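**Q** can't give you the sequence, but here's the structure:
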């Protein structure tokens, strides 16, 4: 029987923005820090909701809290030690040591020659404030961004220039790509790494409440019946975010066609198989996470689900060979044992109630 509740849209409003924040966090703070901080915050938030807000029964709150601390420590440790070793091969150099040339124009602004950048297909709005202009990348007919086609949508003269020694770039020794490490927010420079960590925390705090709305859903739509509601909600929220992005681009470009061409490419040919496979696997996992929360509660059920990092870590070690150093592998397994110990302790602390 088909059942639906609008609480699914509320759950999706937690999940979709949290996913966007995770992508940004991984990009700017790194996979280890982003996933470790995010998953740890999710465990903490879901535990607080379940034990202290919904007053879900446990044998001892102190025992349950200790178990959650073990899970958080283990998850962060697995995330940290499962980082591909190649990502540590970064060096920080000042801009004057790079092959960057600048010349002052008559207005006193500085024009830099284009630098090679780590372009992302979804980054169609390229903020180049250090050159005094904001550019918008245009996708070509194949849906890819054409780096040779840019149109200036705004120009700002730089009256007071700073020394190039104040600008720091990160150089990847493998591909020599350059990435600016600061972002200006309300006139103040903030490191991208700090913004990435904040995004990971946002995902944990905001996204950790994904299953909370199911607590208020009608009994007929809980459990397996909540899957359809969540799926519909995810589609609605995702579509809404795309519309908001299109409206933003429309205001910037004042052209429907230009705004459409600035939207990220879906890369259907490239992502058809891997994207569909990932979506199916995630949907299966999400289905059982809903079952877990339904029978074990928010505090225990959703906290235990975050241990999925054990499986992803095993993939990275034995299949993708992301970690080859024996000391790191042993440290990862030590963190995994800590996580499993916390799960077993939390399972013991959980006090079963009458069947729902």
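**A** Yep, it's here. Everything numeric here is computed off the predicted structure, so don't read it as measured data.
**Q** once you drop chain neighbours, what's closest to residue 228?
**A** Spatial nearest neighbour of residue 228, excluding adjacent residues (CB to CB, 6 or more residues apart in numbering): residue 4 at 6.1 Å. C-beta coordinates here come from the backbone N, C-alpha and C atoms, glycine included.
**Q** what's near enough to touch the one you found?
**A** The contact partners of residue 4, by CB atoms under 8 Å, 6 or more residues apart in numbering, come to 221, 228, 229, 232.
**Q** kindly report the same for residue 331.
**A** Residues in contact with residue 331 (CB under 8 Å, 6+ apart) are 77, 81.
**Q** let's see that with 6 Å instead.
**A** Counting by CB atoms under 6 Å, 6 or more residues apart in numbering, residue 331 makes contact with residue 81.
**Q** per-residue confidence at it?
**A** We have a pLDDT of 93 for residue 331.
**Q** ok, back up a step: of the contacts of residue 4, buried ones?
**A** The neighbour count (16 or more other CB atoms under 10 Å) marks 221, 229, 232 as buried among those.
**Q** just for this protein, where's the confidence low?
**A** Flagging of the chain using pLDDT under 70 yields the residue ranges 1, 83-180, 352-356.
**Q** can you map out the strands along it?
**A** 90-94, 102-104, 110-112, 125-128, 133-139, 145-155, 168-172, 178-180, 182-185, 188-191 (DSSP state E).
**Q** neighbours of the nearest residue to residue 294 once chain neighbours are set aside, how many?
**A** On the basis of CB to CB, 6+ apart, the spatially nearest residue to residue 294 that is not a chain neighbour turns out to be residue 223, at 4.3 Å. Neighbours of residue 223 under the rule other CB atoms under 10 Å: 17.
**Q** so residue 223 touches residue 293, yeah?
**A** No - in this structure, residue 223 is not within contact of residue 293 by CB atoms under 6 Å, at 9.0 Å.
**Q** output the buried ones among the contacts of residue 4 in TSV; the columns should cover distance to residue 336.
**A** Supplementary listing: the buried ones among the contacts of residue 4 in TSV, determined by distance: CB to CB, whole Å:
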residue	distance to residue 336
221	36
229	34
232	36
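**Q** and those, which of them are in helices?
**A** Residues of these located in helices (DSSP state H): 229, 232.
**Q** closest to residue 260 among the buried ones among the contacts of residue 4?
**A** The nearest member of the buried ones among the contacts of residue 4 to residue 260, counting by CB to CB, is residue 232 at 25.6 Å.
**Q** now do the contacts for the closest one.
**A** residue 8.
**Q** any idea how far it lies from residue 238?
**A** 11 Å (CB to CB, to the nearest Å).
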